[in-house]
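Enquirer: predicted model follows, preceded by the sequence.
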Amino acid sequence: MLKLEKLELRGFKSFCDHTELDFTETITAIVGPNGCGKSNLADSITWVLGEQSARLLRGSRMEDVIFQGTHQRPPVGVAEVRLTLVARQDFSTNNGHRSDDGTGGDDPAVDVPSDGLQLTVAAGERLIIGRRLYRSGESEYLLNGRRVRLRDIQDLFAGTGLGPGHYAIIGQGHVEEILTARPYERRSVIEDAAGITKFRLRQRTIELRLQAARQNLTRIDDVIAELERQVRSLKRQAAKARRFRRFKEELRGWLARFFVAESRRIATSLKRLDERLAAARHEHAELMRTIDALEVEYREAIDASRRGEAELNEARDRLSAIELDAERARSEQSGYIEHMK
């Protein structure tokens, strides 16, 4: 159970400046003349607890809750309300649902994991609920100074009469609306008063999770089908790899045998070539010795030829001298003969 201790407003409707109302003392009613803001206080409590209908806040759009300004005061850019509550007894929220007996908010037979608000409050501790709305349309919810979701705030007060469609705060004309409402409209109020709303919220949460689980299962089936297709492809590739490995081993064996035979053939050929090379080298040595001998003979023949040519030239010179002497002798002889005649 929670008790209202303090209400703080800033920029909300007619409350331009920071306004603080202390409810620590016993207060029965807030009275004042028309237009002084009594209904705005009730609207602020409704609004900070997550009300999303601008009509229920007596406006046409949600930005109407921000102070619009007067002739003397300019408009502000943000509306903020903070509600301070004191716990009268220990309670906790488990999986996003409120429990006043410390046992958690889920049925013991149902264990549904959740990312909802996890909160444990001891008796005497304070909860500060806050909400801000900017003219840009951005809105944020605060719980003890920490940003939370709207759903966390609604789950916290589910079944207390302060949740969506609450009955704890009855504004102007609200009683008449309830009396003239259709049966299914009054049903939400009666269910909230009977504490059924939190179970419906829990049911809706579980249904959403089941739907998400079904979608996940569908995606998992798709993933499994894709993986099976890939597995079949991998099996074919594995079979090809095994055949390739077998053929590679066979090829390695054939290559080993081929290289052994080729090595032996090359060794035999190399041996024959070595023998032929040795014979060729021996023959080459013999030829070189023969060439050396022939060169010696050639040089001797050249020397002999040169000596023969020198002797021949000397003989020719002597012959020429003899022929010249013979010619002179013949000339002298002819001269003697003619002289004798």
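Expert: Structure received.
Enquirer: list the buried ones in stretch 79-90?
Expert: By neighbour count on 16 or more other Cβ atoms under 10 Å, the buried set for stretch 79-90 is Ala79, Glu80, Val81, Arg82, Leu83, Thr84, Leu85, Val86, Ala87. Backbone N, C-alpha and C define where each C-beta goes, glycine included.
Enquirer: phi, psi of Arg146?
Expert: The phi/psi pair for Arg146 (degrees, to the nearest 10) reads phi -110, psi 140.
Enquirer: and the strands in the stretch 51-200 of the chain, which stretches?
Expert: Shown for the stretch 51-200 of the chain, the strands assigned by DSSP state E, counting those that start in this stretch span residues 78-87, 91-94, 97-99, 119-121, 126-134, 139-143, 146-148.
Enquirer: would a markdown table of these with mean pLDDT and distance to Thr290 be doable?
Expert: Putting these into a markdown table (pLDDT from 0 to 100; distance: least, Cβ to Cβ, whole Å) gives the following:
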| stretch | mean pLDDT | distance to Thr290 |
| --- | --- | --- |
| strand 78-87 | 90 | 122 |
| strand 91-94 | 66 | 118 |
| strand 97-99 | 48 | 121 |
| strand 119-121 | 76 | 119 |
| strand 126-134 | 91 | 119 |
| strand 139-143 | 91 | 116 |
| strand 146-148 | 89 | 113 |
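Enquirer: so what's the residue count around Ser136?
Expert: A total of 9 residues lie near Ser136 under the criterion other Cβ atoms under 10 Å.
Enquirer: got TSV for the strands of the stretch 51-200 of the chain, with distance to Val296 too?
Expert: Listed next are these as TSV, based on distance: least, Cβ to Cβ, whole Å:
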stretch	distance to Val296
strand 78-87	126
strand 91-94	124
strand 97-99	127
strand 119-121	125
strand 126-134	123
strand 139-143	121
strand 146-148	118
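Enquirer: Glu249 is nearest to which of these?
Expert: Glu249 lies closest to strand 91-94 among those, at 64.0 Å (Cβ to Cβ).
Enquirer: so which of the strands of the stretch 51-200 of the chain is nearest Gln211?
Expert: strand 97-99 (18.9 Å).
Enquirer: can I get the buried residues of stretch 79-90 in TSV with distance to Arg328?
Expert: As requested, those are exported to TSV (distance: Cβ to Cβ, whole Å):
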residue	distance to Arg328
Ala79	163
Glu80	162
Val81	167
Arg82	166
Leu83	170
Thr84	170
Leu85	172
Val86	174
Ala87	172
